[in-house]
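> I would like to see how this sequence folds:
(one chain, ligands or ions: 2)
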Amino acid sequence: MKLTIIGTGYVGLVTGTCFAEVGHQVICVDRDEDKIKLLNSGGMPIYEPGLEELVKKNVDAGRLSFSTCTKEGVEKSDVIFIAVPTPPMPDGSVDLSFIESVAREIAGAMTSYKIIVDKSTVPVKTGDKVSETIKRYCKAKVEFDVASNPEFLREGFAVDDLMHPDRVVIGVKTQRPVQALKEIYAPFEAPIIVTDINSAELIKHAANSFLALKISYINAVSVICEATGANVQEVANGMGMDGRIGRRFLDASLGFGGSCFPKDLSAFIKISEQLGYDFALLKEVQRINHDQMNRFVKKILDTLWVLKDKKIGVLGLAFKQNTDDIRMSPAIDLCLHLQKEGAKLRVHDPKAMEKAKAVLHNVTYVDDMDEVAEGCDALVIATEWPEFKKLDLERVRKSLTHPILFDGRNLFDAKEMESLGFIYKSIGRP
Ligand SMILES: NC(=O)C1=CN([C@@H]2O[C@H](COP(=O)(O)OP(=O)(O)OC[C@H]3O[C@@H](n4cnc5c(N)ncnc54)[C@H](O)[C@@H]3O)[C@@H](O)[C@H]2O)C=CC1
Ligand SMILES: O=C(O)[C@H]1O[C@H](OP(=O)(O)OP(=O)(O)OC[C@H]2O[C@@H](n3ccc(=O)[nH]c3=O)[C@H](O)[C@@H]2O)[C@H](O)[C@@H](O)[C@@H]1O
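Ligands and ions are numbered 1, 2, ... in the order given. Predicted coordinates for the structure are as follows:
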């Protein structure tokens, strides 16, 4: 099928590429000229495992192309996906101006029947607004259908998540676009849920909020573990073996971040408030997450006492492993806390250092992870990169002025670290 994706970011680029990979003809549109120029010259604006190779393969095969022109994208395709940002407003509600402006652009370019599919995460009832806007701005008076198709990919695993989805959710008002949408997704061999647009939109906010809740739950349990000498990983393993609970998203940490959980939680709380429901449970999820970072900083302060003029090594700047994305990164947040206390930082991330340089100043960026600890009073692990498990621990211990390691991601075994001579402090473990 001929498909256009408007918005070539973390979602749009990966979605477009995976659609091309299964045989569709795809145009990825973005208004950012530099991004499209980079993609057209074989470059990659983001890091996502496996993506670069897949983009190249599909561009070479003639199935994937890039453009800055929405009109071209609309004219050449039958189905138009919207994957533009839906950032938070200061009060937590969603800024839908990107969606509104794309809806107008699509309307202005339509000369025949199109299916317009929203993939961005939006408040329930946004589909109605998109429909109204297209109707209002479409001069050609052609027919169209609007659908909702929320995306559930995780950054760092995006290609795999896209190619092997747990489920595909399609929200529609009438049955007319269903056959085409099912055809688009047929090659992925995933269960397809066809529902109404409001439910599809709600599934996305409810799912992300639930996942965030699961993390805050285990983080709250980690506080009880610390107070009692229990081990949060053992507790999570024991809980997770219950099929009704499941082990995933039960890793205690210094808190969750990223461009989605924090904003989607705020949005869902706000949407509920506007509908007359105080979603206090989700406010607690936010509070626990906020506390978790403060507790981690306190742990560092309790041990090192004063940070002024102390040198601290920080491993990890991205908001999670396998990505260069630093949006709402707990690791960056931690660095800023430590700087505020007067610490001098030496930092490393396998992929996120370039992006971090724009927001994290007056730190020493170190290319080799084994060199970060050099001359530091302590080392902190802030992102769960699997690479960090391969640290040269003997070298790290020797290069620290004091062998103290704060592990905000529970990457190592406490007993092993102590046997190697570290003072090792992690989350929710003795
Ligand atoms: N990042 C993620 O892991 C996931 C994000 N989402 C949702 O997907 C949506 C997009 O998120 P990301 O891909 O992370 O955003 P992003 O910021 O990486 O990419 C969005 C792109 O849209 C472009 N854009 C904005 N207005 C445009 C317009 N009028 N015409 C053409 N291009 C335009 C921007 O230049 C940018 O390149 C958001 O609603 C987000 O909540 C959903 C699932 C996963
Ligand atoms: O809507 C979105 O944008 C996406 O948001 C999340 O994906 P993502 O933010 O890419 O990454 P996650 O793997 O969910 O991690 C989010 C944060 O939670 C943290 N986390 C995750 C899992 C865990 O057990 N503990 C924990 O602290 C991570 O370190 C990270 O900071 C969801 O997992 C995706 O399904 C969803 O599509």
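> was I right about Ala318 contacting Asp324?
Yes: checked against CB atoms under 8 Å, the pair Ala318 and Asp324 is within contact range at 6.2 Å. Heads up, the C-betas are built off the backbone N, CA and C, glycines and all.
> Comparing these two, which residue is more hemmed in?
Ala318 (31 against 21; other CB atoms under 10 Å).
> Quickly list what's touching both of Ala318 and Asp324.
Common neighbours of Ala318 and Asp324, using CB atoms under 8 Å, 6 or more residues apart in numbering, are Lys351, Ala352.
> To what extent is Ile193 buried, counted in neighbours?
The tally of other residues near Ile193 (other CB under 10 Å) stands at 13.
> Look up phi and psi at it.
Here is the backbone geometry of Ile193 (degrees, to the nearest 10): phi -100, psi 120.
> SS state for whichever residue of the stretch 1-150 of the chain sits closest to ligand 2?
Residue of the stretch 1-150 of the chain nearest ligand 2, by CB to the nearest ligand atom: Thr121 (5.6 Å). Recorded secondary structure, Thr121: coil (DSSP: H, G, I helix; E, B strand; the rest coil).
> residue contacts, it?
Contacts of Thr121 by CB under 8 Å, 6+ apart are Thr86, Pro150, Glu151, Lys204, His205, Asn208, Cys260, Asp264, Ala267.
> so which strand or helix has the closest residue in space to the second one that isn't next to it in sequence?
The one in question is Pro150. Among residues not flanking Pro150 along the chain, Lys204 sits closest, at 3.6 Å (CB to CB, 6 or more residues apart in numbering). Lys204 belongs to helix 197-228 when assigned by DSSP states H and E.
> ditto for Val347
Per DSSP H and E: Val347 is located in strand 344-348.
> swap in Arg397?
When elements are assigned from DSSP H and E, Arg397 belongs to helix 393-399.
> Repeat that for Leu379.
strand 378-381.
> What strands flank that strand, and is each parallel or antiparallel?
With DSSP bridges as the test, strand 378-381 is paired with strand 311-315 (parallel), strand 404-407 (parallel).
> and the first one, what's its mean pLDDT?
Just to be clear, that refers to strand 311-315. Within the predicted structure, the mean pLDDT of strand 311-315 is 98.
> That strand to strand 344-348, inter-axis angle?
Counting by axes from the mean of the first three to the mean of the last three CA atoms, to 10 degrees, strand 311-315 lies at 20 degrees to strand 344-348.
> Now the closest residue to ligand 1 within the stretch 301-430 of the chain. Its backbone dihedrals?
Of all residues in the stretch 301-430 of the chain, Asp325 sits closest to ligand 1, at 7.2 Å by CB to the nearest ligand atom. With angles defined as degrees, to the nearest 10, Asp325 shows backbone torsions of phi -80, psi 130.
> Enumerate every residue touching it.
Taking CB under 8 Å, 6+ apart as the test, what Asp325 contacts is Tyr10, Ile46, Glu155, Gly258, Ser259, Ala318, Phe319, Ala352, Lys355.
> any idea of the pLDDT on it?
Here, the pLDDT recorded for Asp325 equals 96.
> so what's it closest to, chain neighbours aside?
Take Asp325 and drop its neighbours on the chain: the residue closest to it by CB to CB, 6+ apart is Glu155, 5.5 Å away.
> Wait, a strand at that neighbour?
No: with three-state DSSP as the criterion, Glu155 is assigned coil and is not in a strand.
> That one: what's it in contact with?
Counting by CB under 8 Å, 6+ apart, Glu155 touches Tyr10, Glu48, Gly258, Phe319, Lys320, Asn322, Thr323, Asp325.
> Mind checking the pLDDT average for the helix or strand Phe66 falls within?
Element membership of Phe66 [criterion: DSSP H and E] is strand 64-67. Across strand 64-67, pLDDT averages out at 98.
> Next: stretch 399-409.
97.
> What residue, apart from its backbone neighbours, is nearest the closest residue to ligand 1 within the chain spatially?
Residue nearest to ligand 1 within the chain (CB to the nearest ligand atom): Gly9, separated by 1.7 Å. Residue nearest to Gly9 in three dimensions, not counting chain neighbours: Ala83, with 6.7 Å by CB to CB, 6+ apart.
> so that neighbour touches Thr4, yeah?
No: if you go by CB under 8 Å, Ala83 and Thr4 don't touch, sitting 10.4 Å apart.
> And for Phe256, the neighbour number?
Count around Phe256 with other CB under 10 Å applied: 24.
> cool, and Cys18?
Counted with other CB under 10 Å, residues neighbouring Cys18 total 24.
> secondary structure element for it?
Cys18 is part of helix 10-21 when elements are defined by DSSP H and E.
> quick one: is whichever helix or strand comes after that helix near ligand 1?
Per DSSP H and E, the first helix or strand lying C-terminal to helix 10-21 is strand 25-29. Yes: Strand 25-29 is in contact with ligand 1 by CB under 6 Å from any ligand atom, via Val29.
> Strands of this protein, residue ranges please.
Using DSSP state E, the strands of the chain run over 2-6, 25-29, 64-67, 79-82, 114-118, 144-148, 168-172, 192-195, 311-315, 344-348, 364-365, 378-381, 404-407, 423-425.
> tell me which strands and helices the fifth one is in contact with?
This points to strand 114-118. strand 79-82, helix 97-109, helix 126-137, strand 144-148, helix 178-185 (3 or more CB pairs under 8 Å, 6 or more residues apart in numbering; DSSP states H and E).
> Same list as before, the ones you listed that is, but in TSV and with distance to ligand 1, mean pLDDT and mean neighbour count included.
Compiled in TSV, the helices and strands packed on strand 114-118 are given as follows (distance: least, CB to the nearest ligand atom, whole Å; pLDDT from 0 to 100; neighbours: other CB atoms under 10 Å):
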stretch	distance to ligand 1	mean pLDDT	mean neighbour count
strand 79-82	9	98	26
helix 97-109	5	98	19
helix 126-137	10	97	17
strand 144-148	12	98	25
helix 178-185	16	98	16
